[in-house]
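**Student:** pasting the structure only:
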């Protein structure tokens, strides 16, 4: 069985992507910034897509010939998995913590997983 990892402070997802390419299953990536969460979803979407037609559609999207919503519509299973495995999340309030814990349990259940956590970029960029 492949070891699952959860990526906190994921940014655009480089750390989680590296672990995925090394054979780990990046089941959840969390980021506070909305634009980076969209990038995470797209990264996860690309990993979950195995259909031959995906590659053509993906490159058309990158070239600006296909809208992102259409890309997701054409590959609904991968889009659904990507939505479940990418979360816009800021550590803090009890309500948000409940959301995180619920999503974490959906993705990993009671299984063991590794926890990745890069340092938040904001602390260094301000």
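**Tutor:** Yep, it's here. On a predicted model such as this, the values are computed, not experimentally measured, just so you know.

**Student:** pLDDT below threshold where in the protein?
**Tutor:** Filtered on pLDDT under 70, the chain yields the residue ranges 93-96, 120-126.

**Student:** pull the contacting residues for the residue positioned nearest the centre of the chain.
**Tutor:** Nearest to the mean C-alpha position of the chain, by CA atoms, centre = their mean, lies residue 86 at 3.5 Å. Residue 86 makes contact with 28-29, 31, 37, 40-41, 43-44, according to CB atoms under 8 Å, 6 or more residues apart in numbering. Where C-beta positions appear, they are placed from N, C-alpha and C, glycine not excepted.

**Student:** most surrounded residue in those?
**Tutor:** Of all the contacts of residue 86, residue 29 has the most neighbours under the rule other CB atoms under 10 Å, reaching 31 neighbours.

**Student:** so it, which of the three states?
**Tutor:** strand (DSSP: H, G, I helix; E, B strand; the rest coil).

**Student:** go ahead and confirm it touches residue 9.
**Tutor:** No: Residue 29 is beyond contact range of residue 9, at 9.6 Å (criterion: CB atoms under 8 Å).

**Student:** quick one, phi/psi of residue 87?
**Tutor:** Note on residue 87: backbone dihedrals following degrees, to the nearest 10 are phi -130, psi 130.

**Student:** so it sits right up against residue 32, yeah?
**Tutor:** No: using CB under 8 Å, residue 87 makes no contact with residue 32, being 10.1 Å away.
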